[in-house]
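Student: For reference, the sequence and a predicted model appear below.
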Amino acid sequence: GFNILYNYFKKYRKSISLVIVAALYILLFGVYMWPYWTGAIIYEGGEIKPSARVKIPEYYYKAANYINEEKGEFKILSLPHQTGGVAYDWEDGGYIGSGDIIVSLISKPILSPFDPDDEIVSPFLTVLFNLSNPLGLGDNMVKMLGLANIRYILIHNDVNYYINNPNPDLTVEKIKDILSSVKNINLEKSFGKLDFYKLNNDFFLPHIYIPTELIYTDKNIEDLQEVLGPNNYPLRSSVYFNSQVDNPNKNFLGNYSKSNDSPSILKFNSIPKITFVKINPTKYKVKVENTKEPYTLVFSESFNKGWKAYIYNQPSTINHQLYDNITASYFNEEIKEGTHKNVFLDINTFETLGKKPIPEDRHLIANGYANSWVIMPEDSKGLEDYEIIIEFWPQRLFYIGLTISTFTFLGCLCYLVYGLCMRKKRVKVKQVR
């Protein structure tokens, strides 16, 4: 009997091995992991301690759909600011976590108070939030929001102040009272306990723009409120702080940067028209028209030397169809925003490879946090119409690594297939012999 059983296992050992492995997988990932699949592993709650399960209120999804359907590039400021995590008063005990859940639902950037690891952006956001009073910017609040490319202010009426209340003197009601008193900011829409206040379009600065005035000041970013004074700050401007501009770069800001008066303002006599389109979060294209003189191009993303601007001075290379569908326009259509895309890999992915970007000494910090480039007529070789590609070049390293990995994988796969074919061929030869 033992020999029969042994011979049976020996004959079907491969099939039996597969059955045993399959049974172990079912036991491990089916039976043992069943509480994880069903959610039974999560504490359901009792008489004292609430459940660890969280059900996101339906109005969060409605709010996210509303914002996601709005076309264009803009940011959202979320208030009130909570430190050390967030706490919201929802059903079944509410929600306590490290960050706002709505960030994962809304496709637009939502500003957090500050990133302690970013020495450039943190001071700007600190001024924006002003931890003692997030809205203590007075009449200059509208200008501050415009500089930051903020279109909406999101107010959480569901904040749980019993758990997390960093500023007892600044309640949600107080914030809403302040917002109601500020001109050019209005309550746009409410979803459950979420209110969206909108900045007047006349004060909104698009994600990419060319300023008509340039402000240079010896003051620090902490003095931004003073710099934004009504007599100093025209709406469509960019601000440069002396402390953020390296000495070699100051020559490109012109003689007004050497003025003893602070701030000093330069008004451009002629600026081109632009149309911009987002290809993906790491690449933008800008069509520039009717260029006569030097100008400054502001890109309202956190300053990073990895951002590069490339000028294409061959009109034949411009894909005009890319800029045909306009979703928004600003300043009497001098700035237009096209239909944004989300394309990472196509035939144009490496189009800037081998191209020289605008020199880094003309890549300056604008508005206390953003990227800007000083564009000279010689950059386009005298052309008035051309295209600028703004690209985060470290992303190119990812593409190169991905390409190498793909070809390596395909090479290994081909080698494996070749090896299997040769093995079968040798087996057939042995059988013939």
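Tutor: On my side now, so go ahead.
Student: Hmm, E387 and Y312 touching each other?
Tutor: Yes: look at Y312 against E387 with C-beta atoms under 8 Å: they come within range, at 4.4 Å. Bear in mind the C-beta positions are built from the backbone N, C-alpha and C, glycine included.
Student: can you list residues touching both of these two?
Tutor: Residues within reach of Y312 and of E387 at once, by C-beta atoms under 8 Å, 6 or more residues apart in numbering, are I318.
Student: Sketch out the low-pLDDT regions of the stretch 51-200 of the chain for me.
Tutor: Along the stretch 51-200 of the chain, segments meeting pLDDT under 70 span 51-52, 92, 112-123, 126-139, 165-168.
Student: So which residues of it form helices?
Tutor: 58-69, 121-129, 141-147, 172-181 (DSSP state H, counting those that start in this stretch).
Student: Please list the residues outside the third one that contact it.
Tutor: If you take C-beta under 8 Å, 6+ apart as the criterion, helix 141-147 is touched by 77, 127-128, 135, 137, 153, 182-185, 199-200, 203-205, 224-225, 228, 233, 235, 239, 367-368.
Student: and with 7 Å instead?
Tutor: Helix 141-147 has contacts (C-beta atoms under 7 Å, 6 or more residues apart in numbering) with 77, 128, 135, 137, 182, 184-185, 199, 203-205, 228, 233, 235, 367.
Student: out of the residues you listed, who's nearest I106?
Tutor: L77 (12.5 Å; C-beta to C-beta).
Student: what bridges to that closest one?
Tutor: With DSSP bridges applied, L77 shows beta-bridge pairing to L111, I153.
Student: Wait, it touches L111, no?
Tutor: Yes: between L77 and L111 there is a contact under C-beta atoms under 7 Å: 5.3 Å.
Student: These two: which has the busier surroundings?
Tutor: A count of neighbours by other C-beta atoms under 10 Å puts L77 above the other of L77 and L111, at 24 against 20.
Student: what's the more buried one in contact with, if anything?
Tutor: If a contact means C-beta under 7 Å, 6+ apart, then L77 has L111, L145, I150, I153, L154 as its contacts.
Student: ok, it to L147 distance?
Tutor: Distance, L77 to L147, using C-beta to C-beta, to the nearest Å: 12 Å.
Student: Please apply the same query to C414.
Tutor: For C414, the distance to L147 (C-beta to C-beta) stands at 54 Å.
Student: Comparing those two, which residue is more hemmed in?
Tutor: Higher neighbour count among C414 and L147: L147, with 27 against 10, using other C-beta under 10 Å.
Student: List the buried residues in stretch 394-403.
Tutor: Using 16 or more other C-beta atoms under 10 Å as the test for burial, stretch 394-403 gives Q395, R396.
Student: re the thing from before, next, give me the two most distant ones among the contacts of L77.
Tutor: Most distant of the contacts of L77, by C-beta to C-beta, are L145 and L154, 12.5 Å apart.
Student: so where's the stretch 251-400 of the chain uncertain?
Tutor: Using pLDDT under 70, the stretch 251-400 of the chain drops low at 251-263, 315-317.
Student: Show me where it has its helices.
Tutor: Counting by DSSP H, counting those that start in this stretch, the helices of the stretch 251-400 of the chain are 394-432.
Student: would you list every one of the strands in it?
Tutor: All strands of the stretch 251-400 of the chain, identified by DSSP state E, counting those that start in this stretch, fall at 264-267, 273-280, 283-289, 295-302, 307-312, 326-330, 335-338, 363-366, 370-375, 386-392.
Student: Contacts for the second one next, please.
Tutor: So the one you mean is strand 273-280. Taking C-beta under 7 Å, 6+ apart as the rule, strand 273-280 contacts 73, 208, 210, 284-290, 322-323, 334-344.
Student: Identify the residues contacting the residue nearest to V103 when sequence neighbours are not counted.
Tutor: Spatial nearest neighbour of V103, chain neighbours left out: I110 (5.2 Å); criterion: C-beta to C-beta, 6 or more residues apart in numbering. I110 is in contact with I76, S78, D100, V103, counting by C-beta under 7 Å, 6+ apart.
Student: try A64
Tutor: For A64, the contact set (C-beta under 7 Å, 6+ apart) comprises I102, L105, I106.
Student: need the contact list for the second one.
Tutor: Read it as L105. L105 sits next to Y60, Y61, A64 when contact means C-beta under 7 Å, 6+ apart.
Student: burial measure for the second one, as a count.
Tutor: By other C-beta under 10 Å, 13 other residues sit near Y61.
Student: Could you tell me which residues make contact with it?
Tutor: Counting by C-beta under 7 Å, 6+ apart, Y61 touches L105.
Student: Nearest residue to the middle of the protein?
Tutor: P109 (5.3 Å; C-alpha atoms, centre = their mean).
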